[in-house]
Every structure is written in structure tokens, then in C-alpha cells.
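Colleague: Predicted model, plus sequence, below.
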Amino acid sequence: MTDMPQPPPDVDALLRELQALTAMRRGSVSQRYMKCNKPGCACAEDPAARHGPYFSWTRTVGKKTQSRLLSAEQAEKVARQVQAGHRFRDLVDSLWEACERWADAELEPPRATSDEAPEKKGSRRRSRPRS
């Protein structure tokens, strides 16, 4: 069985960073102010008087959008988890690119250094020169 080659430093660094994962989520966190539509409420006329803020976490599951209302404390935590999810996705993309560079390097033949350069010998003459 052949030994596995050591990964290049950039691949190794990305792998170590991926090992330090935290809780993460997909989606986004949003903050909204809303009108209540009650007669006489100031929110209908003045945008500064709208109710809120209300926080929600939205994500796509399958082909459907799902939302969940959050408290302000939950919104802060979920926003950090969503940010960790974005960081994870960026790391995975960077790892793919680094591994593809590594794979491309394995396809290239090793370059000879100046000390290892082959000596030119030329071809042998097949016939005698004519005068």
C-alpha cells in the first residue's frame, strides 16, 4: 500500500481551521417594524411609531421558505450561528480550490534543477560527409 502524500501547508491550515467548528445555521436573521392596523394607532401614519423590532430567522428547506420569530437574545445568537455557517461555506470553497491546486501539481512532471539537467549528446551521423 502506498503512503498518503502530506498535504501542502495551505490545505493543512484550512483543515485545522475546519476542525475548530462551532454551532452554525443556514439562512438569515432580519429585524422588522410593523403596522398593527388598529384604528387610531399612530403606526398607520408615522413610520417612526411602528411596532417592534421583531426578529425572525428565515431559511429554505427543500423548495419552501421557513421563518421563525425570535427574541432579541435569540436573534443575536442565531446571527452568530448564521455567520459561522457563512464562514464554514467559505472555508469549504477555499479547501476545494487548494486541493485542486494540489491535485494539479501532482499531474505536472517534476522539474529538473540545473544540477540535474540532462546532458545533450546530439545524434550520430549516419553517412560520411562528401567532399
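Modeller: Sure thing, it's come through.
Colleague: Flag every buried residue along the strand or helix carrying Ala13.
Modeller: Using DSSP states H and E, Ala13 sits in helix 9-19. By neighbour count with 16 or more other CB atoms under 10 Å, helix 9-19 contains the buried residues 11, 14. Every C-beta, even on glycine, is put in place using the N, C-alpha and C of the backbone.
Colleague: Just give me the longest strand of this structure.
Modeller: With secondary structure taken from DSSP state E, the chain has its longest strand at strand 51-61.
Colleague: other SSEs contacting the helix holding Ala13?
Modeller: helix 72-107 (3 or more CB pairs under 8 Å, 6 or more residues apart in numbering; DSSP states H and E).
Colleague: tell me the secondary structure for Ser30?
Modeller: strand (DSSP: H, G, I helix; E, B strand; the rest coil).
Colleague: low-confidence ranges in the protein?
Modeller: Where the chain drops to pLDDT under 70, the residues are 1-4, 110-121, 131.
Colleague: hmm, back to that, residues touching the longest strand of the chain, excluding its own?
Modeller: With contact meaning CB atoms under 8 Å, 6 or more residues apart in numbering, strand 51-61 is reached by 25-36, 43, 65-72, 74-75, 78, 82.
Colleague: Specify the angle between the helix holding Ala13 and helix 72-107 in degrees.
Modeller: 150 degrees (axes from the mean of the first three to the mean of the last three CA atoms, to 10 degrees).
Colleague: Quick check on the contacts of strand 51-61: which are buried?
Modeller: Buried by 16+ other CB under 10 Å: 25, 27, 29, 35, 43, 70, 75, 78, 82, out of the contacts of strand 51-61.
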